[in-house]
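S.K.: Sequence first, predicted coordinates after that:
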Amino acid sequence: MSTLFLALLLPVFGFLFSGIAGKHLPEKITGWISSLTILGSFVLSVGIFNDVANATSGIAAVGFNFLSVGDVIVDFAIQADRLTSIMMLVITGIGFLIHVYSISYMHGDPGFYKFFAYLNLFVFNMLVLVMGSNFLMLFFGWEGVGLCSYLLIGFWYENESYGKAARKAFIMNRIGDLGLLIGLFLIIANFKSLNYTEVMAAASTGAVSTEIITAICVALFVGAMGKSAQIPLYTWLPDAMAGPTPVSALIHAATMVTAGIYLVVRCNVLFEMAPAAQQLILWVGLATSILAALIGLKQNDIKKVLAYSTVSQLGLMFIALGIGAYSAAMFHLITHAFFKALLFLGSGSVIHALGGEQDIRKMGGLKKAMPITYYTFLIGTLAISGMPLFSGFFSKDEILATLFAQNTVVWALTVISALITGIYMFRVFLVTFHGGFRGTHEQEHHLHESPALITFPLIVLALLSLLGGLINLPELFTHNNAQWLKHWLNPIIGASQESLHHPEHHTEWLLMAIAVGAFVVALLYTRNKYIAKQSIPESDAEMTELAKLSSNKFYVDELYDKAVVTTTEIVGDTLQKTDDGIFIGAIGGVNKLFGIIANGFKFIQNGKIHYYLLYMVAGIVIIMALNLFR
Amino acid sequence: MELILIPILSGLIAAWAGKWSRWIALLGSIITGVLVVTLWSQFDPTKGFQFIFDKPWFSSAIHFKTGIDGIGLLLLLLINFLTPVILLSAFGKDKQSLVFALIVAMQGALNGVFLALDGLMFYIFWELALIPIYFIAGMWGEGDRFKTTIRFFIYTFIGSLGLLASLLYLYSKTPDPSSFSWEALVAVKLSVKEAIAVGAGLLLAFAVKIPILPFHGWQPKTYVEAPSFGSMLLSGIMLKMGLYGLIRWFMPLVPEALSFYNPIIVTLGIAGVIYGAYIAIRKKDLKGIVAYSSLSHVGLIAAGIATLSFTGLQGGLLQMLSHGVNAVGLFFAIDIIERRLHTRTLNQLGGIAKVAPLFSVLFIILVFGATAVPFTNGFPGELLLLKSIFSFHAWQGIIAGLTIILCAVYMLRLFQFSMFGKANNDQLTSFGALQWHEALGMMVLVLFVVFFGLFPQTLLDISGPSIQQLQQVIEQSKEVLS
Amino acid sequence: MKSLLIIFLGAIAVLFFGIKRPERKSLPIALLVLIAALVFIPLDWIAFIHKHVPDWQIKYVPTNMLSWDTPALAFSGVLILAAIFVLGLFSKNKLHGADLLGLMLFSVCGGLLMTSFSNLIMLFLGIECLSIPLYVLAGSRKSDLGSNEAAVKYFLLGSFSTAVFLLGCAFIYGGTGSLDLDSLARATNMLGHMGIKSQLVMAGLLILMVGMFFKIAAFPFHFWSPDVYDGSPNRATVFMATVVKIAAFAAFFRLFHYAFNDIKGWWAMTIAVVSAATILFGNIAALRQQSMKRTLAYSSVAHAGYMLMAILASPFDGFWALLVYLVAYAFSSLSIFFLLDRTSNGNEGFSFDNFNGFGRTNKFGSLVLVIGLFSMAGIPLTAGFAGKFGLFNSIIGTYPWLLVIALLGSAISIAYYFKVFKNAFFGGEQQGTKLELNLMDTVMLGLAVLVILTVGIWPTVITGLQIIPAP
Amino acid sequence: MLSALIFGLPIGFLVFSFITILCALYVVTNDNPVFSVLALILTFFSISAHYVMLNAQFLAVVNLIVYAGAIMVLFLFVLMLLNLSKENEPKVKYGWHFAAVFAAGMLLIILAASLHKSSEQIMRNPAQDIGMVKSLGKVLFTDYLVPFELSGILFLAAMVGAVLLGKRDKNNETEAGDSSNNPS
Amino acid sequence: MNTDSIFSSLDISHYIYLSSVLFCIGLFGVLTRRNAIVLLMCIELMLNAVNLLFVAFSSYMGDSAGQLFVFFIMVVAAAEAAVGLAIIVMIYRNVRSTDVGLFDKLKG
């Protein structure tokens, strides 16, 4: 129990330390101490993992009573079960690597201590998110990570467009949060509790009608949409690349954005009871996956490509969730965390080496100068594209295999999405690292491999990307340790998984072959285009219509801008005018009215005795007439 | 009793004390605060009204009757916590002694409002609280301050006259020997029509003070044109009078009309939430943003209170405290900026975070508090409020929930454009560090924000039993009629 | 009675003493006389209480003409007190002769008759005794056209209203056969109980009421008052605004409550309507005035509207409410008029600009100003609020709509009362007139403020007095 | 009907009422104030005649002495003093006359209409000799002593006032009763 | 002459009518005349109407109070006339006119 809290609070210590003392200490000390707090947390997580392995029900710890008002009775309570412990390992593990990476990456930044404080705060919030034993704790973490994301995206606050991106991220997240909050209210109203265990138990008794559960699930999914950047709330994620690259790696690739997946997996009992909501998830995931992949094809900013790829991969995970393949989604979540963090960090290494350049058209031929970055990036690319035996291959395959059995159309579309993924990833990879250097001379002169603090995390993550598939090998390959993750998660999602049936083995081989085929097609096509033909991505002017559309992200941002921002401004201005005119002006109007009456009275009071006498006589007459002839 | 007298007396002394007035006022204010804390330590939440002081006053029917229950105690704590902070914010040497005198006098009057258990006494202090702020806004305000202050005064005065009329009417219905005491007024039974009429008068007073949407005409300009400490008093404390009135006086006095009024209040409150937020999004003046955000926030509180659910009342109460602290904090920060840069317009600011890191950290925590981010004080209250409104009516709850989005929009806009971005102001270099009183005041507020973000239940425990008793009272008087 | 005698004799003494001497010299005598008269009020009061005649009347004179019961004594006390303040605060240096002082004392005599009459003849004599010196006072700045105009208007309209009043008396006399309050009360009691609607009494009542409306300046019989207040010398104005108002209301109250209480249904609605109209008219008309003196004149019209409510109320409630209100009104008027008088350098009109920057130069003066205006506007913890509250409280059960109008009027009144604050406190940096207060001014102003606050914070100092309730 | 109304009345009442009203009308319509005064005196005489008919001899005499004798002479005196014998009074507009007639007429109609049956409500006790000097004097100096004395105050006040206003100040700047220091 | 004889053939209402007519004539005069002295005279006329009414009532009811009231009215009227004429004389000195229409400077 105390371990749980210790694991949770170590990052808080790091946060307070860096935030308060960090300013006055050397960078190294600040960086290492806050990294070590995460490492400590990781070590504790491993311990917890061990503990959980032995106890099927998970362990819990109650801090204090946070709120108990009416039927809102919420404890500040945390727990660790098998799902949580996996998430904790991912968060703290990758978190630690990225901390280490950042010590070097953020070297010399005036906000160095702040950066680490924010990162630690983020890890804390993320831990709250996954460790919370009730929905409100989840919401705490949920909002908290959004907040840290905001702080970190806008970390270089002098740049106003970064600030704008940060705001956009926060606000879009908040739209999702509203959905989540409504889900929470519905849960309170119908289950009288927010505790996972109680809610799930109550739900499985069937006391609550399917309609309400569907509503709850949709509301929760809206929350997940916001956090995990699904249509229509995905546009913030590419913009969030304004933040420092480690942030993109940690928050916008590996951990925070997967919170939506975590939420759905956590509530799998509910989602299983709401097929309509599952269908929604499936189609939203599919649409996101394909749309983001298409946009990713024509992006030239290395981080933007990765960002769209993240969106696309998250879509893939949601597809899995949509058909109820929770363990497959979790599997992909983990492997994706590895290779996407790797890719981001690699790109960060590249950007670092090029002094902040992010446009792949101005890179090229970095292979020689930065071998470690090159090879690790290659591993990442292969993993994400589905190179057989790499982690991504297994996790994708798991999803595709399950999908084929459920819905062939979606399967086909997903395969296309995977193909596109391969194409744009190789495009980025090849354009960046192969061919000749296209940057300035100065940059060329400074080209160098990144220091050890940067390459070390790259190597670790590369290894994980390579081997991550081992945790959930399909039964085709091995018999004694197959589907480890699935079995591990069985206590949590077991009931939901039973309905899921897998394709036959020979079908599975066929599917795998098709996936490999797609990978090979992508590889050959890009090789042909960027190595054989040495073509570089065209500039905006020479694009075809379709490419332009893709390059401009299908104008979704502009559409939002028109639909939401402009509307808001118009509404705001109109209301402002109304306010000034009617409500604030009301007293003025009344004043004028009284002024007119008062002037009328002044006119009556004209100073002439005869008029006064006449008024008085009239007064007498009226009073008497009214009274005597009633 | 002494809670009222000490501040007013120290105000009187401070008015004539010249350069010592700052310290006298602060001392008086803090002593009062300490007294409130002692009351808190002796307070037993499960009992009803405590520390009753009851002496005939105006006549045999009108008593000087004070006492607190959990609701009153919470608000007393708020006031007596905030007033010293506000004094600190005004602590610069350039201020006239009258400033401090008026601020502490206000504290006394407000204590009277929240202590009063006699209808007329409540009214009297309700009015009295208006006077210092009127002079503060008029004498040290800016712009067309006379117009603004008189607008403010007349709006609120009309409101309080409605209150007076309703109280008088209820009083005339009390059985012999007639009495103005809260219990007697609560016991009065009215027909539904009467109750609606009486309720209209009461609601007018409270709605203007809160302010609920169509009655807010006085508010934005007053906030903007009042000096910062005036805005703090207004938003931090004065608004709470209206909300408190809604809880303590409106609901129990006309329970017969609640089924008529509550949906209206909820709807108007929510309309105010959206309305205020949209305007705040477009405002360029920092104080204007906070003013409209106040409109938005209190709309939510009023709506939550009007749901009359335990959650709503508790959440409303909690949010009253939080909003008080946050609004004071925001105005404090704006004051600090304005005093140094002599402007409040968004596009003339920017880049302050670079020159004043401590300030920016304190400021951003307050901003997050106002945005109701978890682990700040704004969150639990807003959660409870939204929950109660959602239970009241799902769609209204969802619309009200938009506040968490819109609030983020304008609050972040406020913060980013002033603190982040490029520097647009040539005086920025001389921004300098916070003075001791500024830093102290801000830090106290920030501590509050964080502490009660984590442990809201400490506050809720104080008021919980009292609110339940209040609900019982309301329910009972409803039952008797039907 | 003793007070009346003292003042009458004092007036003559002052007149004689004042021949060929500056007015200043005879002022102490006048004040002394008034104070002596004031001293007899509580003495009489105690005597009255202790004799404790169950009937509310004690006849000092066998002829049933004046009755110094406790309400009469109370109003007389306020009236004399107001007169003392008028004389004390508005004393003059350079004038020759004590004629005006003497006239004022005569006028006070008339006022005392009006508070204590128990016969319509006495009421009539009282009104005239009060008014005739006032016609002169209004015109006492002989070469000033404004003063002349005020005198002519006041005189002509006043005489006209006297004629109307007398016509009313005649009808009442015809209808009831009596001029005596007791007999009138008996007669109306009979009428009321038997449900007879005597046209003569009804017509007389209404015409009489009009006469009283004129005296208290209620709409639409108030037209004289703004002009006369405006044109008269300040001292006469404030005398009219305080002493005359007190006397007129005391008389009105006494007449209608003692004589016509049993036929209240005949006249109450008219008074309610007139009260409402007066409140609205006075307050709205005051909004757009340039001259502060005129503003105050209109505000006094509005105040008359409020005080009319006391006539509507039950005798007991109405009496206390009226008394408190009169005290509040008198003292706040006195202090505000005093400040207005002193700040109007020379006589360039009485614009609000007189108070520009006032708050910056005079601490004590601004305290007086604030409290005086608050009391006028009816802000709590000033006497004005206590009075308004008493009035509102006394009619809430019977005329809720009137209360609403009265409250609306109060809200309107804020707009013009607080205009002064704009000049005095919120204005720019200009330096205001420096008040030069001598000891007596300071003491008197202090007393006035003290009274306003004491009555405001603790109205039981007045309402706790023991009275013999009216029948 | 009308003839019955008129000729059913005592001749004295008719005649003097006729004179009274005629003279009164002459007073209010004549342009020359001096004639107005004279007509008013005539009115007073006829009213005195009414008094006599009503058995109020004392008042009849007082009316003649005070009104016709003193007050009217005072009026005449002032008229002569100010030399206001004629045509310095501007004519008022025709419309104004109409308004005045209308107002006065309305009042008259209302009074008459409301009071036409009022005599039934009056206790009738026509009597005796209350209007005689002796009995009236007795009451005046017993029951009505206080008002009688007080009317003395009134007169004194009026006298002082009249003197104050009437006397011509040596210097023109008396500023009586006002605070102003500078001449107006 | 005996009151009995008067009231035997004469209703009190005739006196009421007569007085009302006189009062209204006076009122008409007050409303139409602009000479202050004539105005004062018209007011005196109104007072006399009232006096007549009082006396008539007094005689009719056999009550002396009315007649005494009339006596006091006369007294007061004299005093009032004196003061009024003094005022008129005073204004005449200033404006060389007794036209009350000239006095309309105080207004608004």
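M.R.: Structure received. Just so we're clear, the structure is a prediction, and the values are computed from it rather than from any experiment.
S.K.: What mean pLDDT does the longest helix seen in chain C get?
M.R.: Across chain C, the helix with the greatest residue count (assigned by DSSP state H) is helix C:145-176. Throughout helix C:145-176, pLDDT has a mean value of 90.
S.K.: elements contacting that helix?
M.R.: Where contact means 3 or more Cβ pairs under 8 Å, 6 or more residues apart in numbering or on different chains; DSSP states H and E, helix C:145-176 is packed against helix A:609-628, helix C:120-138, helix C:181-194, helix C:199-216, helix C:224-231, helix E:12-32, helix E:36-61, helix E:64-95. Heads up, the C-betas are built off the backbone N, CA and C, glycines and all.
S.K.: pLDDT wise, what is whatever residue of the stretch 251-400 of chain A ends up closest to chain B at?
M.R.: Relative to chain B, the nearest point of the stretch 251-400 of chain A is A:A259 (13.9 Å; Cβ to the nearest Cβ). Listed pLDDT for A:A259 reads 88.
S.K.: residues near it, how many?
M.R.: Counted with other Cβ atoms under 10 Å in any protein chain shown, the neighbours of A:A259 add up to 25.
S.K.: quick one: low-confidence ranges for chain D?
M.R.: Low-confidence segments of chain D (pLDDT under 70): D:1-9, D:84-91, D:116-131, D:168-184.
S.K.: Chain B now?
M.R.: Using pLDDT under 70, the flagged stretches of chain B are B:1-4, B:9, B:11-12, B:14-19, B:93-95, B:479-482.
S.K.: residue boundaries of the strands in it?
M.R.: Secondary structure of chain B by DSSP state E: the strands cover B:50-56, B:63-68.
S.K.: What strand or helix carries A:V74?
M.R.: strand A:72-80 (DSSP states H and E).
S.K.: Put the alpha carbons of that strand into PDB.
M.R.: Presented in PDB, the C-alpha positions along strand A:72-80 are these (Å, rounded to 0.1, in the frame of the first residue of the first chain):
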ATOM      1  CA  VAL A  72     -20.900  11.900  -4.700                       C
ATOM      2  CA  ILE A  73     -18.700  10.000  -2.400                       C
ATOM      3  CA  VAL A  74     -15.200   9.900  -3.600                       C
ATOM      4  CA  ASP A  75     -12.000   8.800  -1.900                       C
ATOM      5  CA  PHE A  76      -8.600   9.800  -2.900                       C
ATOM      6  CA  ALA A  77      -7.800   6.200  -3.500                       C
ATOM      7  CA  ILE A  78      -5.400   4.400  -5.800                       C
ATOM      8  CA  GLN A  79      -5.100   0.800  -6.800                       C
ATOM      9  CA  ALA A  80      -2.900  -1.400  -8.900                       C
END
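S.K.: Now do the helix or strand that that strand is followed by, average pLDDT.
M.R.: Per DSSP H and E, strand A:72-80 leads on to helix A:82-105 as the next helix or strand towards the C-terminus. Mean pLDDT, helix A:82-105: 87.
S.K.: and helix A:82-105 with strand A:72-80, angle?
M.R.: Per axes from the mean of the first three to the mean of the last three Cα atoms, to 10 degrees, the angle that helix A:82-105 makes with strand A:72-80 is 70 degrees.
S.K.: A:V311 and A:A292 touch, don't they?
M.R.: Yes. With contact defined as Cβ atoms under 8 Å, A:V311 reaches A:A292; the gap is 3.7 Å.
S.K.: Can you pull the residues that touch both of the two?
M.R.: A:Y234 (Cβ atoms under 8 Å, 6 or more residues apart in numbering or on different chains).
S.K.: So which of the two has more stuff around it?
M.R.: The neighbour comparison of A:V311 against A:A292 (other Cβ under 10 Å) goes to A:A292, with 30 against 27.
S.K.: now that one: how far from A:K303?
M.R.: Here the distance between A:A292 and A:K303 works out to 14 Å (Cβ to Cβ, to the nearest Å).
S.K.: same check, this time on B:Y244
M.R.: B:Y244 is 52 Å from A:K303, by Cβ to Cβ.
S.K.: go on, A:F49?
M.R.: If you go by Cβ to Cβ, the gap between A:F49 and A:K303 works out to 32 Å.
S.K.: Those two - which one has more neighbours?
M.R.: Set side by side, A:F49 and A:K303 show more neighbours around A:K303, with 25 against 17, by other Cβ under 10 Å.
S.K.: For that one, give me its contacts.
M.R.: Taking Cβ under 8 Å, 6+ apart, one finds A:M241, A:T245, A:S248, A:F344, A:S347, A:I351, A:Q358 in contact with A:K303.
S.K.: Mind doing that once more with 6 Å?
M.R.: Residues near A:K303 by Cβ atoms under 6 Å, 6 or more residues apart in numbering or on different chains: A:M241, A:S347, A:Q358.
S.K.: Closest residue of the stretch 201-350 of chain C to chain B?
M.R.: For the stretch 201-350 of chain C, Cβ to the nearest Cβ, closest residue to chain B: C:W320, 8.8 Å.
S.K.: Would you state the secondary structure element containing that residue?
M.R.: Going by DSSP H and E, C:W320 is part of helix C:315-343.
S.K.: Against which helices or strands is that helix packed?
M.R.: helix C:70-89, helix C:292-312, helix C:363-377, helix C:383-395, helix C:439-457 (3 or more Cβ pairs under 6 Å, 6 or more residues apart in numbering or on different chains; DSSP states H and E).
S.K.: residues in contact with the helix or strand just after that helix?
M.R.: The helix or strand immediately downstream of helix C:315-343 is helix C:358-361, counting by DSSP H and E. Here helix C:358-361 makes contact (Cβ under 6 Å, 6+ apart) with C:S366, C:A424, C:F425, C:G432, C:K434.
S.K.: before we move on, what about stretch B:398-406?
M.R.: A:R174, A:I175, A:L178, B:I270, B:V273, B:A277, B:L300, B:L386, B:I389.
S.K.: just the angle between the host helix or strand of the first one and strand A:72-80, please?
M.R.: For A:R174, the host element (DSSP H and E) is helix A:160-191. Note on geometry: by the same axes, to 10 degrees, helix A:160-191 and strand A:72-80 are set 110 degrees apart in direction.
S.K.: Would you mark the buried spots in the next helix or strand after helix A:160-191?
M.R.: Tracing the chain past helix A:160-191, the next element assigned as helix or strand by DSSP H and E is helix A:196-204. Residues of helix A:196-204 classed as buried by neighbour count (16 or more other Cβ atoms under 10 Å in any protein chain shown): A:Y196, A:V199, A:M200, A:A202, A:A203.
S.K.: closest to chain E among those residues?
M.R.: Chain E lies nearest to A:V199 out of the buried residues of helix A:196-204, by Cβ to the nearest Cβ, at 75.9 Å.
S.K.: Isn't the closest one up against A:F191?
M.R.: Yes. Taking Cβ atoms under 6 Å as the definition, A:V199 is a contact partner of A:F191 at 4.8 Å.
S.K.: Look at B:E256 and say how many residues are nearby.
M.R.: Neighbour tally, B:E256, other Cβ under 10 Å: 23.
S.K.: Just give the nearest non-adjacent residue to it, would you?
M.R.: B:A195 (3.7 Å; Cβ to Cβ, 6 or more residues apart in numbering or on different chains).
S.K.: How about A:S550?
M.R.: Computed as Cβ to Cβ, 6+ apart, the closest residue to A:S550 that is not its neighbour in sequence is A:K298, at 4.0 Å.
S.K.: What score does that neighbour have for pLDDT?
M.R.: In this model, A:K298 is scored at 80, pLDDT.
S.K.: so who does it touch?
M.R.: A:A547, A:S550, A:S551.
S.K.: now those as JSON lines including secondary structure, pLDDT and neighbour count?
M.R.: Formatted as JSON lines, those follow (DSSP: H, G, I helix; E, B strand; the rest coil; pLDDT from 0 to 100; neighbours: other Cβ atoms under 10 Å in any protein chain shown):
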{"residue": "A:A547", "secondary structure": "helix", "pLDDT": "72", "neighbour count": "15"}
{"residue": "A:S550", "secondary structure": "helix", "pLDDT": "72", "neighbour count": "20"}
{"residue": "A:S551", "secondary structure": "helix", "pLDDT": "72", "neighbour count": "17"}
